[in-house]
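1. everything below, folded, please.
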Amino acid sequence: MPDQPKRPEWAPPEGGKGFTTTLVHGVEGRHDGFHHDANGKAPRRSTPRRRRLSVEEYVEGVLAQNRNTVAQAITLVESNAPAHMAMAQEVLKQLLPHTGNSIRIGITGVPGVGKSTFIEALGLHLLQQDHHVAVLAVDPSSTVTRGSILGDKTRMELLSRDPRAFIRPSPSGGTLGGVTRKSRETILVCEAAGFDVVLVETVGVGQSETTVRQMVDFFLLLMLAGAGDELQGIKKGIMELADALLINKADGDNRPRAEAAKLEYNRALHYLAPATKGWHTRAYTCSAAKGDGVAQIWSVVEDFRKQTSESGVFDQRRRAQTLDWVYFMVEEHLRTSFFSHAGVEGIRGQIERAVVDGHLPPTVAAQKLIRQYETSAGR
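-> Next up is the predicted model:
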């Protein structure tokens, strides 16, 4: 087919042949190169859907350390859809005998302390020691859009390239405590996939991040020099839950300040009860950007595991955490059951308006809602 001259739509009526263009052979339709129907609309291209895996395929893929299946299994357990939750529990049930063989490390600290940089430095060091590392990074969810950036893999560029490492960013979904609602389940999936070190990076919002303590073996708190004095150090909160304090960015002109802060925190730690029975929490310094002090803190973790395993504290903590998980799920179920109850929903709006208008005290309002729930449930 020869090239055909074509007059463009924008050409003026009095325009001559100078406004004509040539339609190259093989290009049909409009300038976008797609075929169009009689109405000038390009047909939609259907995107093939990913095939839904069965329980057996999830389990086999995770145990075979298939990274795609591991990621899909985590997506499954993070889903709140009833059908997905039922399947996820069956997958976890079959994976459970293959879990528990890792050291679980929680890492927290204020924003800007360098958590992601430290985790990459630690992860690369662990890979050199022939470990397989899973990083569960929790990003804060917006209270406005409910969205999250999930940019931790970008910050851990070198670590994310290594096939022996697995990085999973997840949104907090508004859950307090610095972790997600499904962080425990995600840890089990990673352990079943053969990762022997699981690093849980929390949101990093301050001293309220204590939930992660209930799901890890070793709790590391990253600090900055000049963040407080001895009085700050003995405040109750997240510091008394840490198994080690690590003052990051101890390099250049900041190194003397970091060393001074380490001494102050070590003095303050004498006034606090140990976070783990039989273990003495101490402060250390490091420069995650340069890799200084990373090997030392891993040696501290290894000493911790050896000492607590010999004393039985390690297994005792794991058992206690499992029971905490049970009752956490009970509380979550009761909360969901309460707010979705037809009787509660029927009077909730009226009671809320009465509270807002100042006609009903909050305590009385709570009692009315609870009484309605218990009466309708036959209690």
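2. burial of residue 252, as a residue count?
-> Counted with other Cβ atoms under 10 Å, the neighbours of residue 252 add up to 10. Placement of C-beta: from N, CA and C, glycine included.
3. state the distance from it to residue 222.
-> 18 Å (Cβ to Cβ, to the nearest Å).
4. what's stretch 75-83 in contact with?
-> Residues outside stretch 75-83 that contact it (Cβ atoms under 8 Å, 6 or more residues apart in numbering): 58, 84-85, 87-88, 91-92, 170, 180, 182, 185-186, 189.
5. ok, stretch 285-294 next?
-> 114, 117-118, 120-122, 125, 246-251, 255, 258-259, 262, 284, 296-297.
6. next step: the contacts of stretch 75-83 restricted to helices.
-> Under the assignment DSSP state H, the contacts of stretch 75-83 contribute 58, 84, 85, 87, 88, 91, 92, 185, 186, 189 to helices.
7. closest to residue 359 out of those?
-> The shortest gap between residue 359 and any of those belongs to residue 85, at 39.5 Å (Cβ to Cβ).
8. now for the closest one, how many residues are close by?
-> Based on other Cβ under 10 Å, the number of other residues close to residue 85 is 14.
9. show me the contacts for it.
-> residue 79.
10. need the helices for the stretch 101-250 of the chain, in chain order.
-> 115-128, 152-155, 157-161, 183-192, 230-233 (DSSP state H, counting those that start in this stretch).
11. nearest to residue 106, of these?
-> From the helices of the stretch 101-250 of the chain, taking Cβ to Cβ, the stretch that ends up closest is helix 183-192, at 9.6 Å.
12. tell me which element residue 335 falls in.
-> Applying DSSP states H and E as the criterion places residue 335 in helix 313-339.
13. quick one: the strands in the stretch 1-150 of the chain, in order.
-> Assigned by DSSP state E, counting those that start in this stretch, the strands in the stretch 1-150 of the chain fall at 4-6, 21-23, 103-109, 133-139.
14. so how far is residue 86 from the spatially closest residue to residue 84 that is not a sequence neighbour?
-> The shortest distance from residue 84 to any residue that is not its chain neighbour, by Cβ to Cβ, 6 or more residues apart in numbering, is 5.7 Å, and that residue is residue 76. To residue 86, residue 76 is 10 Å away according to Cβ to Cβ.
15. give me the more crowded residue out of these two.
-> The neighbour comparison of residue 76 against residue 86 (other Cβ under 10 Å) goes to residue 76, with 22 against 11.
16. quick check: residue 78 vs residue 292, distance?
-> 36 Å.
17. neighbour count: the two, which is higher?
-> The neighbour comparison of residue 78 against residue 292 (other Cβ under 10 Å) goes to residue 78, with 19 against 15.
18. nearest the middle, which residue of this protein would you pick?
-> In the chain, the C-alpha nearest the mean C-alpha coordinate belongs to residue 138, at 2.6 Å (Cα atoms, centre = their mean).
19. thinking that one is in contact with residue 183, fair?
-> Yes - counting by Cβ atoms under 8 Å, residue 138 touches residue 183, with 7.2 Å between them.
20. thinking again about what came up before, report the inter-axis angle for the helix or strand following the helix holding residue 335 versus helix 313-339.
-> Next in sequence after helix 313-339, counting helices and strands by DSSP H and E, comes helix 342-356. Interaxial angle, helix 342-356 versus helix 313-339 (axes from the mean of the first three to the mean of the last three Cα atoms, to 10 degrees): 80 degrees.
21. figure out how far helix 342-356 is from the centre of its chain.
-> Remark: helix 342-356 is offset 34 Å from the chain centroid, using Cα atoms, centre = their mean, to the nearest Å.
22. packing partners of whichever helix or strand comes after that helix?
-> Once helix 342-356 ends, the next helix or strand along the chain (criterion: DSSP H and E) is helix 362-376. Packing partners of helix 362-376 (3 or more Cβ pairs under 8 Å, 6 or more residues apart in numbering; DSSP states H and E): helix 342-356.
23. so for the helix it packs on, mean pLDDT?
-> Taken as a whole, helix 342-356 has a mean pLDDT of 93.
24. which outside residues touch it?
-> 338, 339, 360, 361, 362, 365, 368, 369, 372, 373, 375, 376.
25. next one, pLDDT for residue 13 please.
-> 64.
26. pLDDT weak spots in the chain?
-> 1-50, 139-155, 171-181, 203-210, 226-237, 376-379 (pLDDT under 70).
27. let's see it at 80
-> 1-51, 80, 110-111, 138-155, 170-182, 203-211, 226-238, 376-379 (pLDDT under 80).
28. measure residue 65 to residue 322 for me?
-> Going from residue 65 to residue 322 by Cβ to Cβ gives 25 Å.
29. neighbour count winner among these two?
-> Neighbour count, other Cβ under 10 Å: between residue 65 and residue 322, residue 65 has more, with 16 against 12.
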